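Peer 1: with the sequence up front, the predicted model follows.
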Amino acid sequence: MARAESPRSLWHLRSSHAGKNAGVMGPPRHKGRKAAAVDSQIKDANRHRLRRIEGQIRGLQRMVEEDRYCPEIIAQISSVQEALRGVARGLMKNHLRHCATQALRKGNPRKAEAAYEELLELIYRHLR
């Protein structure tokens with residue numbers, strides 16, 4: 001008799017066979033949580049970058065449809081990846097400045113430890 005799998009364990013099974021970048025999105029861990037504060041300059045810069053990245057992705061789709069030379073497509077993919085890393089750095093800066101700092105200053109040892117663990121996971125998993 002097959003045992004019932006939880007949604008999380010099913011996600012893990014699917015992502016464990018999906019390759020190097022499996023689980024990047026992962027199951028929602030902080031559903032409904034919002035940032036403690038969002039620096040308006042960082043938010044505006046990220047929105048601008050994401051619109052530019054969206055245009056780059058559309059350009060990549062056209063390049064593939066037009067059978068462009070593979071090295072040209074790969075160069076554009078690299079450019080998009082670097083742009084996304086820039087957005088991630090801006091988000092990390094905001095998270096460190098506001099969310100993590102707030103959790104650490106409150107003085108609750110459990111919350112401080114959870115904040116440290118969350119930061120380490122972000123760095124090790126997403127900001128390579």
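Peer 2: That came through fine. Numbers count the residues shown, from 1 in each chain.
Peer 1: please count neighbours and contacts with C-alpha atoms only from this point.
Peer 2: Noted.
Peer 1: any low-confidence regions in this structure?
Peer 2: Where the chain drops to pLDDT under 70, the residues are 1-31, 36, 127-128.
Peer 1: L104: which element?
Peer 2: Using DSSP states H and E, L104 falls within helix 101-105.
Peer 1: name the residues of the helix or strand just after that helix that are buried.
Peer 2: Later in the chain than helix 101-105, the nearest helix or strand by DSSP H and E is helix 109-126. Within helix 109-126, the residues that count as buried by 16 or more other CA atoms under 10 Å are A112, A115, L119.
Peer 1: just put those in CSV and tack on distance to R49.
Peer 2: Shown next, in CSV, are those (distance: CA to CA, whole Å):
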residue, distance to R49
A112, 32
A115, 27
L119, 23
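Peer 1: which one of the residues you listed is nearest to C70?
Peer 2: L119 (36.8 Å; CA to CA).
Peer 1: got the contact list for that closest one?
Peer 2: Taking CA atoms under 8 Å, 6 or more residues apart in numbering, we find L119 in contact with A100.
Peer 1: for I57, see how far away it is.
Peer 2: 29 Å (CA to CA, to the nearest Å).
Peer 1: gap between T101 and R89?
Peer 2: For T101 relative to R89 (CA to CA), the value is 16 Å.
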